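Chemist: Only the shape, not the letters, is given here:
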């Protein structure tokens, strides 16, 4: 475990010594600030619901930039040869890297909390709804990072890793809209169940459903397991 | 320490390593000598556990590298062909990371870092970001990384590439010192390096082991490939006879096509005794006009040709 921890620390070093993490956090916070201002002044309601909804889709577009270098960067720098020959198990590599990216996601989330200051100062928002929205936001982010990390392991090119991740995430975000085109109830149910936005919408409305929590965790588990197996298989 | 038994490696339909077997013992430096694309890097990668053999058996300190590579990884220091460095980290952070992953105990970590820093002469750049370093320094940071944690087995893929003559000498001394107590396998395509450093040399070509020889044997192979190149204005037949009468000249090859008028290009295979060139000059200069006389250093290709010919001769004999 100490080896995975060392890798986690290395990931953070690499993130903070390159402009990528700062860029991602800055773009995300600027975007969130814009949506927040827009929603509050447009509706006049002290609520985070619309802003969190917008933050969700912004996350989909921004996180792949964070995850693209996780493995593709190691391939192109040749450092994957170091990682795979050091006393590190593939699952430790996957976990250490994932936790590193997750830390940036947490920092980014904490950054958005600044929006709550005026909300609580000048309004009377529902704390539980905001809390539930943030839980959904973090779970969505975890799933996006896991998917992004897996796609990053499939290619040497960081741009391709980012673009394919965005494509897949957008697919899962909008797949719920296909529901109305399905005649088969099974397909209709499936489209609804795998929809990232469907589950996220419930959180934003203040409903924490076990099913939705499990859904995002299962997505993480599948992506990270595939990632580990892929590393093993590559040998 | 290192044992390869009938190892083959295929990438799709292409076989890059054919039925390779050799061992490296503790306290021994073994060289893998071969031209580019001969399978040196693939061989080292299989021993390092980065990739697995398609068939056959690779073991390090008794551990099977196909299944027990995690356990064996503690015993291996590996410098890949391109030093695996994180450009944005500084040298100390990078080495500390590798030391942690290699589970160098916290109390001993600083001393261990100090040891490899001194050994690889990295003191001057210890706090610098890696992307600012010259090629020679990058190579040495890569070597320092491999030495961390005092591994039993050291695998070095072209360790002296990009080093200037002084660094080259220091690095060779470092490897030699390490090789007295550990098993070292290094690959190179530089002939003198193999003869200077290694106790045994495995000669690879197209993924096959051509020969496992001592530096002495390699030296003898080198000696048989020394040549003297001449340009002389002379009649071909008389020149050939004159050259063959000089002690030390073994064969004479006259390239008539390249000559103009009576000027001939001649290539003689000679033995290594000193003064063969002088003897040739003394024989020719009084009678004919000598334009050029040059002793040619044997190239890797010529040495390979020698071993290939030897191998095919042995096959015919058998």
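Modeler: That came through, no problem. Quantities reported herein were computed from a predicted structural model and do not represent experimental measurements.

Chemist: tell me which parts of chain A are close to chain B?
Modeler: Chain A comes close to chain B at residues A:2-3, A:5-7, A:9-10, A:13-14, A:17-18, A:77-82, A:84-89, A:235, as judged by Cβ under 8 Å from any Cβ of the partner chain. Placement of C-beta: from N, CA and C, glycine included.

Chemist: Try it again at 10 Å.
Modeler: Residues of chain A lying near chain B by Cβ under 10 Å from any Cβ of the partner chain: A:2-7, A:9-10, A:13-19, A:73-74, A:77-90, A:92, A:96, A:234-235.

Chemist: ok, of those residues, which come out buried?
Modeler: By neighbour count, with 16 or more other Cβ atoms under 10 Å in any protein chain shown, the residues of chain A next to chain B hold A:3-4, A:6-7, A:9-10, A:13-15, A:17, A:73-74, A:77, A:79-90, A:92, A:96 as buried.

Chemist: So which of the residues of chain A next to chain B belong to helices?
Modeler: By the criterion of DSSP state H, membership of these in helices covers A:2-7, A:9-10, A:13-16, A:19, A:73-74, A:77, A:80-85, A:90, A:92, A:96, A:234.

Chemist: Any figure for the gap between residue B:248 and residue A:11?
Modeler: 64 Å (Cβ to Cβ, to the nearest Å).

Chemist: So for these two, which residue has more residues nearby?
Modeler: Using other Cβ atoms under 10 Å in any protein chain shown, the more surrounded residue of residue B:248 and residue A:11 is residue A:11, with 21 against 18.

Chemist: so the more buried one makes contact with residue A:99?
Modeler: Yes: using Cβ atoms under 10 Å, residue A:11 is in contact with residue A:99, at 7.6 Å.

Chemist: Spatially central, which residue of the chain would that be?
Modeler: Went with chain A since none was named. residue A:141 (2.3 Å; Cα atoms, centre = their mean).

Chemist: my bad, chain B
Modeler: residue B:188 (2.3 Å).

Chemist: Would you enumerate the residues in contact with that one?
Modeler: B:31-34, B:40, B:156-161, B:194, B:197-198, B:201, B:300 (Cβ atoms under 10 Å, 6 or more residues apart in numbering or on different chains).

Chemist: hey, what's it bridged with?
Modeler: Judged by DSSP bridges, the bridge partners of residue B:188 are residue B:33.

Chemist: Give me the phi and psi for residue B:234.
Modeler: phi -160, psi 160 (degrees, to the nearest 10).

Chemist: Buried residues, the lowest-mean-pLDDT helix or strand in chain A. List them.
Modeler: Least confident helix or strand of chain A, by mean pLDDT, DSSP states H and E, is helix A:185-193 with a mean of 87. Neighbour-count burial for helix A:185-193, counted by 16+ other Cβ under 10 Å, picks out residue A:191.

Chemist: helices or strands up against it?
Modeler: Helix A:185-193 makes packing contacts with helix A:196-204 when contacts are defined by 3 or more Cβ pairs under 10 Å, 6 or more residues apart in numbering or on different chains; DSSP states H and E.

Chemist: same for the helix it packs on, what does it pack against?
Modeler: helix A:49-67, helix A:127-153, helix A:158-174, helix A:185-193, helix A:210-234.

Chemist: CSV for the ones you listed, including distance to residue B:252?
Modeler: Formatted as CSV, these follow (distance: least, Cβ to Cβ, whole Å):
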stretch, distance to residue B:252
helix A:49-67, 68
helix A:127-153, 61
helix A:158-174, 60
helix A:185-193, 83
helix A:210-234, 55
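
Chemist: which of those helices has the lowest average pLDDT?
Modeler: Per-stretch mean pLDDT for these is lowest at helix A:185-193 (a mean of 87).

Chemist: Contacts made by it with the rest, please.
Modeler: By Cβ under 10 Å, 6+ apart, helix A:185-193 touches A:175-182, A:184, A:198-199, A:211, A:215.

Chemist: ok, now stretch A:43-51?
Modeler: Contact with stretch A:43-51 is made by A:32-40, A:42, A:55, A:112, A:115-116, A:118-126, A:129-131, A:133-134, A:137, A:201, A:204-206, as judged by Cβ under 10 Å, 6+ apart.

Chemist: Next, the buried residues of that stretch.
Modeler: Residues A:47, A:48, A:49, A:50, A:51 are the ones in stretch A:43-51 that count as buried (16+ other Cβ under 10 Å).

Chemist: same deal with stretch B:172-189?
Modeler: Across stretch B:172-189, burial judged by 16+ other Cβ under 10 Å covers B:172, B:174-175, B:178-179, B:182-189.

Chemist: re earlier: the residue nearest to the centre of chain A contacts residue A:219, correct?
Modeler: No: using Cβ under 10 Å, residue A:141 is not in contact with residue A:219, being 11.5 Å away.

Chemist: low-scoring stretches of chain B, by residue?
Modeler: Low-confidence segments of chain B, defined by pLDDT under 70, are located at B:222-225, B:256-261, B:272-273, B:297-301, B:315, B:317-318.
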